[in-house]
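1. Okay, predicted coordinates and the sequence, questions at the end:
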Amino acid sequence: MQNNYDFDFDMSIMPNEFRLLVEIMKMQNNKSIGSFKELLTNTDWEFFLQLAMHHRVYPLIYSKLKKVDERLIPKYVIENLYQEYKKNTFKMLFLTAEMEKIGKILDGNQIRSLFLKGPVIAFDIYGDISLRTSKDLDILVQKTDLNRVEEQLLSYGYEREVQDKIEKSKLHIAYFHPQKKIQIEIHWRLNPPPLKEPSFNELWNRKRVSTLTTHQVYFLGEEDLFLFLIAHGSRHCWFRLRWLADIDQIIRNKVISSKNSLSIKAYQHQHLGGKAHILIDHALILASVLMKTPINKEMYSLAVGKRSEKLVHLAINSIIENGHLEINYDKFKKNQSFSVKTNLQRTFNLILYEFSLKSSLQKFIYILKLLKPSSADLKTLKLPKYLYFLYYPLHPFLWFWRKTTSQ
């Protein structure tokens, strides 16, 4: 039995272009566009294209619209989507070749590696690397292998990207190849601390082998990938619909179904901690609300809870508002208040959402991080290194300045 979660959310508050984007993503065939023809009559197509790019779903949108009656969609919209789709396909092919080479190098040096995102995930979820975007390659290794991995990457032409002391990551190290223009992030954790997670050996024992490349490359097991994508999307407040599309596709392909949904419930309590069920709960509701993702009986039982419903409200607002703030579109600004109050309210909603996802310990650490200077402070006010300590007392004022000036 499959249901769509009965969750009360007023979809009419969403901008027309955002609703259209979501409706197209849900299309199962070109005839189903008839169910939302009214959204096509009052569409700012430039804004629509910007949203598709921002949410990184333009390849999926193109694949849905290319067979639609050209009288319904302006020709230049389809042409723009096609050009971006074509560029993404070439990029994903390029990343696939590089992924295979890096995997072969690491294997040859007895370094175990798991590819977290990129072409291998696109192929696994969609069966077609052209339908998903990826800006870089993310690879998980054991922390004890970091030095050996760096040695191999440097010898292959990669350069370690400089991280300032303020923004030093506790999750990955980034490398960039100046000739190939490819970035690789080497992870030693799936999620930032203090979130609990399986050990590398556990993940390795559940790994899968991709059939995308000739030389085998390894990636996360089904449940591990599902939970990783949920944790990743939640950590970034789902500000890109691409992550939600991944969750929807995995469930529709019955990779996560009644067969293993109960094992997920036990798994996340064992490895991710008691609060982690909140991540799964609200992700399932969010997918059901926006994408009409079919939720079976067992998964439906995971998604029940007023707290999850509150998080979904915050998440949807975050998805819409963050997209709007990142896109520079004059027409939309005429109809929206970009006042100081609005900016601060949006920021507050975002912080509230992130805060609500966390356990008591994580909330304490999150508050400390909010008080900690960021790389944005360096861009707002450049100080010599010997005065970096001043960023700590100045951080709240610099933050307020950024939020109250025009975006």
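-> Sure thing, it's come through.

2. ok, the residue nearest to residue 15 when sequence neighbours are not counted to residue 39 distance?
-> The shortest distance from residue 15 to any non-neighbouring residue, by CB to CB, 6 or more residues apart in numbering, is to residue 320 (7.1 Å). Bear in mind the C-beta positions are built from the backbone N, C-alpha and C, glycine included. Separation of residue 320 from residue 39 (CB to CB, to the nearest Å): 15 Å.

3. residue ranges for the strands of the stretch 51-200 of the chain, please.
-> Remark: strands assigned in the stretch 51-200 of the chain by DSSP state E, counting those that start in this stretch are 114-115, 137-140, 159-160, 172-177, 182-187.

4. Nearest to residue 289 among those would be which one?
-> strand 137-140 (28.3 Å; CB to CB).

5. What separation is there between the closest residue to residue 353 other than its chain neighbours and residue 244?
-> In this structure, residue 353 finds its nearest non-sequential neighbour in residue 314, 3.9 Å apart by CB to CB, 6+ apart. Per CB to CB, residue 314 is found 15 Å from residue 244.

6. So for these two, which sits in the more crowded spot?
-> residue 244 (26 against 21; other CB atoms under 10 Å).

7. Can you verify my assumption that the more buried one contacts residue 238?
-> Yes. Applying CB atoms under 8 Å, one finds residue 244 in contact with residue 238, separated by 5.9 Å.

8. Identify the contacts common to those two.
-> Jointly contacting residue 244 and residue 238 under the rule CB atoms under 8 Å, 6 or more residues apart in numbering are residue 286.

9. picking up where we left off before, tell me which element the residue nearest to residue 353 is part of?
-> Element membership for residue 314 (DSSP states H and E) is helix 306-326.

10. So residue 380 sits against residue 400, correct?
-> No. With contact defined as CB under 8 Å, residue 380 does not count as touching residue 400 (10.6 Å).

11. now residue 206, nearest residue through space, not along the chain?
-> residue 221 (3.5 Å).

12. Over to residue 242?
-> In space, residue 242 is closest to residue 56, 4.2 Å off (CB to CB, 6+ apart).

13. which residues does the one you found contact?
-> 133, 240, 241, 242.

14. how close does the second one get to residue 352?
-> Remark: distance between residue 240 and residue 352 (CB to CB) = 20 Å.

15. before we move on, what about the third one?
-> For residue 241, the distance to residue 352 under the criterion CB to CB works out to 21 Å.

16. same check, this time on the first one
-> Between residue 133 and residue 352 the computed distance is 29 Å (CB to CB).

17. So for the two, which sits in the more crowded spot?
-> residue 133 (23 against 14).

18. Test my guess that the more buried one contacts residue 89.
-> No. The pair residue 133 and residue 89 fails to qualify as a contact (CB under 8 Å) at a distance of 10.2 Å.

19. Which neighbours do these two have in common?
-> residue 59.

20. which residues in the stretch 201-350 of the chain form helices?
-> Along the stretch 201-350 of the chain, the segments classed as helices by DSSP state H, counting those that start in this stretch run 222-235, 241-252, 261-271, 277-291, 297-302, 306-326, 330-334, 340-356.

21. what's the least confident stretch among those?
-> Note on these: helix 330-334 shows the lowest mean pLDDT, a mean of 45.

22. By average pLDDT, which secondary structure element in the chain comes out worst?
-> Lowest by mean pLDDT, DSSP states H and E among the helices and strands of the chain is helix 330-334, with a mean of 45.

23. quick revisit: how about the strands of the stretch 51-200 of the chain in JSON lines, adding distance to residue 253, mean neighbour count and mean pLDDT?
-> Converted to JSON lines, the strands of the stretch 51-200 of the chain look like this (distance: least, CB to CB, whole Å; neighbours: other CB atoms under 10 Å; pLDDT from 0 to 100):
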{"stretch": "strand 114-115", "distance to residue 253": "19", "mean neighbour count": "24", "mean pLDDT": "98"}
{"stretch": "strand 137-140", "distance to residue 253": "22", "mean neighbour count": "24", "mean pLDDT": "97"}
{"stretch": "strand 159-160", "distance to residue 253": "38", "mean neighbour count": "12", "mean pLDDT": "95"}
{"stretch": "strand 172-177", "distance to residue 253": "28", "mean neighbour count": "18", "mean pLDDT": "94"}
{"stretch": "strand 182-187", "distance to residue 253": "25", "mean neighbour count": "20", "mean pLDDT": "96"}
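
24. do you know which of those strands lies nearest residue 108?
-> Closest among those, using CB to CB: strand 137-140, at 14.9 Å.

25. contacting residues for residue 377?
-> Residue 377 makes contacts with 166, 391, 394, 395, 398, 399, as judged by CB under 8 Å, 6+ apart.

26. Redo those residues as JSON lines? Include secondary structure and distance to residue 68.
-> Formatted as JSON lines, the contacts of residue 377 follow (DSSP: H, G, I helix; E, B strand; the rest coil; distance: CB to CB, whole Å):
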{"residue": "166", "secondary structure": "coil", "distance to residue 68": "48"}
{"residue": "391", "secondary structure": "helix", "distance to residue 68": "52"}
{"residue": "394", "secondary structure": "helix", "distance to residue 68": "53"}
{"residue": "395", "secondary structure": "helix", "distance to residue 68": "49"}
{"residue": "398", "secondary structure": "helix", "distance to residue 68": "47"}
{"residue": "399", "secondary structure": "helix", "distance to residue 68": "45"}
